[in-house]
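K.L.:
Generate a structure from the sequence data that follows.
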Amino acid sequence: MQGGLSSFDSLVAERVATSPDREIFVTRSKDDGVWRGVTWQVFASQYEDAKHVLDAAGLGPGDVLGFLLPSCVTWEIFHIACLARGVVVVGLDHHDLGENFRHAVNLAGVSRLLTDDSGLRRIDFGEDLAISSVLLVDNTDEHEAIGDRVVLHEVRADPKIKAHVKGQGESEDLATIIFTSGSTGSPKGIGYSHAQVSLAVDAIIEAFPEIDCSKKTVCWLPLSNLFQRVVNLCAMKVGAPIYFVEDPRSIMDLLPEIRPSLLIGVPRFFEKVFDSVHSKLNEMPAAVRWGLVYVMEHSGSDSFSERLNRKLANLLFRSVRNAFGGRVEFLISGSAPMPRWLLRNYDAFGLPLLEAYGLSENIVPLSANRLTDFKFGSVGKPMRLNDLAIAEDGELLCRGPGVCKRYLGNEGMELAIDGNGYLATGDYAELDKDGFIWLKGRKSEIFKTTTGRRISPVEIEQYVKGSGMVDQALVIGAGKKYLLVIVTIVNDRPANRTMAELERLRAAVAGSLEPLPGYKRPGGVLIACQPFSPQTGELTANLKLRRKVIEAKYQAAIDALYNAIDSEKLAHQGLSEYDSKTYLGRL
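P.N.:
Numbering: from 1, shown residues only. All right, here's what the predicted structure looks like:
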């Protein structure tokens, strides 16, 4: 793939020659709801057309094009055309056009932008934005020729801010620039070469040989997400058709129509789906509910009885599999840890949920569970090309050709690479005798209480979320005698929460903590009736907790809860209203 995805030209030519009418992209019409496919023959024409559009716009090797579109065929066609022409691709979050958008555009030196009318209307083009012109695309009918749907729209002729990506290392071979989540500060820019993109594609195909031309895949995560883009490239390389879902909120409604063979997602998505299943269980007669919950909790593969329960659960939860389309062979989750109880429950449904693990700083996923080789709670075995090691303090280290060279920019942006070439991942981990990796928490998130105990909040948060009534959880307590937990509510209603309902939630949280040793059990709970979200700044774009932001927002209530517990003003296992949307309880 040197000098762009030049090998993709050969792949397209081969597909057109051997299977011109096979569908590669499939989209759902907004008018009649019918799914219509783009064949390899049509794609080849649109692909060539997109390259001509880039040429006409004066975009060539080393130029930077920002993509501001929902997940769609047009995004992917221009993505491939840019790789072939050597144009650097920067995926931008079309839901976040605030400070992070401007930071990304200027740091990456985005000179041109690919967007639609909706994106153009929402952008504030000021003197502090590097964009000089826009490739404005009409996205209403993606089966039409590309050239008929794109207009070059000038923003200003002479932007004051110039691109400064050159000198980034292998800049002449740069394929894409991505940005870290920004959970602990401004997002950092990372550049990857064409060779590194190819390595990631080959590593994923090797790890999941089940993906072939007979399998349907789904593109529903934002294409600003590099992993979704790489998975799409994997599908194209093996000839698996890709179904595009523009609005992620509609994914569960559309899966029965798509009937995919595999689906990738983030833990938050799989938790939400499980919450829906759990709420339906609560509506069933007690005896039926108890029986279903029992087989869900005893459906592993460690013994004969558990294997039997697993088969029974597979029969009982056919409707859950049908909600995913009825043909899913496995699910893949990444970006954050998945509670072990949730993995077991999905396995009971007959939907193996495989955790993978990676870093923004390494385009090749570090590790993954495979369909035929997995352990619940681990993040699987290392991917080929990754050399992993455990440092003396327990931090996971990695090195390999997929690691980026450096961050964009100059000040304080160096990668944490030691003298042996290992990158510090920031995660504590253990490697078991079978080669599986078990994460023990983010180094930056682990803190100590005044008792000297080291606390990994994620571990405790997973127990709290396992109560079945908690949507989101954040454990705090650095420098304190004991911990507190902030929670939001499953299927939250903003108003009309009764104290009885809140007390049941408090009791459920307390019950979920019983398996933990005393020093890991929070002494109090703060119930927030408003969920954390990216819009309020409490979550990153990929739904990771911004811990410091959340703690700062609720600092007054946190202080009040500590004071009430310490002074015994809050009765044992009591609950009180702090304000109309925040409640304090003792555990």
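
K.L.:
Give me the distance from the helix or strand where Asp427 lies to the chain's centre.
P.N.:
Assigned by DSSP states H and E, Asp427 falls within strand 423-431. Strand 423-431 sits 19 Å away from the centroid of its parent chain (CA atoms, centre = their mean, to the nearest Å).

K.L.:
Beyond that strand, next helix or strand please.
P.N.:
Following strand 423-431 in sequence, per DSSP H and E, is strand 437-442.

K.L.:
Buried residues, that next one. List them.
P.N.:
Residues of strand 437-442 classed as buried: Ile437, Leu439, Lys440, Gly441, Arg442 (neighbour count, 16 or more other CB atoms under 10 Å). (C-beta placed from N, C-alpha, C; glycine too.)

K.L.:
can I see the domain layout of this protein?
P.N.:
6-165+208-234, 447-586 (automatic domain parsing).

K.L.:
Distance to Leu331, mean pLDDT and mean neighbour count added to the ones you listed, as CSV?
P.N.:
As requested, those are exported to CSV (distance: least, CB to CB, whole Å; pLDDT from 0 to 100; neighbours: other CB atoms under 10 Å):
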stretch, distance to Leu331, mean pLDDT, mean neighbour count
domain 6-165+208-234, 11, 86, 18
domain 447-586, 17, 87, 17
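
K.L.:
In three-state terms, label the nearest residue to Thr425 once chain neighbours are set aside for me.
P.N.:
Counting by CB to CB, 6 or more residues apart in numbering, Thr425 lies nearest to Leu396, which is 4.5 Å off, once chain neighbours are set aside. Put simply, Leu396 is strand when judged by DSSP: H, G, I helix; E, B strand; the rest coil.

K.L.:
In contact with Leu396, which residues?
P.N.:
Applying CB atoms under 8 Å, 6 or more residues apart in numbering to Leu396 gives the contacts Leu366, Leu388, Ala389, Ile390, Thr425, Asp427, Tyr428, Ala429, Ile437, Leu439.

K.L.:
do Phe25 as well
P.N.:
Counting by CB under 8 Å, 6+ apart, Phe25 touches Gly37, Val38, Phe43, Val73, Glu76, Glu142, Pro241, Ile242, Phe244.

K.L.:
of all those residues, which two lie farthest apart?
P.N.:
For these, the maximum inter-member distance is 14.7 Å, found between Glu142 and Pro241 (CB to CB).

K.L.:
For stretch 48-57, give me every contacting residue.
P.N.:
By CB under 8 Å, 6+ apart, stretch 48-57 touches 60, 65, 77-78, 80-82, 84-85, 87, 112, 133, 135, 145-147, 150, 152.

K.L.:
which regions of the stretch 251-400 of the chain lie under the pLDDT threshold?
P.N.:
Regions of the stretch 251-400 of the chain meeting the criterion pLDDT under 70 cover residues 280-315.

K.L.:
can you do 90?
P.N.:
Counting by pLDDT under 90, the stretch 251-400 of the chain has low-confidence residues at 266-269, 271-321, 334-350, 376-377, 384.

K.L.:
the strands in it, which residues?
P.N.:
262-265, 330-333, 353-359, 362-368, 381-382, 387-390, 395-399 (DSSP state E, counting those that start in this stretch).

K.L.:
For Ala507, find the nearest of those.
P.N.:
strand 353-359 (28.6 Å).

K.L.:
Which secondary structure elements does the closest one sit against?
P.N.:
strand 330-333, helix 340-349, strand 362-368 (3 or more CB pairs under 8 Å, 6 or more residues apart in numbering; DSSP states H and E).

K.L.:
quick one on the thing from earlier: please produce TSV containing the strands of the stretch 251-400 of the chain, extended by distance to Ile177.
P.N.:
Shown next, in TSV, are the strands of the stretch 251-400 of the chain (distance: least, CB to CB, whole Å):
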stretch	distance to Ile177
strand 262-265	22
strand 330-333	24
strand 353-359	16
strand 362-368	12
strand 381-382	26
strand 387-390	25
strand 395-399	21
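
K.L.:
mind checking which of those strands is nearest Leu97?
P.N.:
By CB to CB (comparing all of the strands of the stretch 251-400 of the chain), the closest turns out to be strand 262-265, at 24.5 Å.
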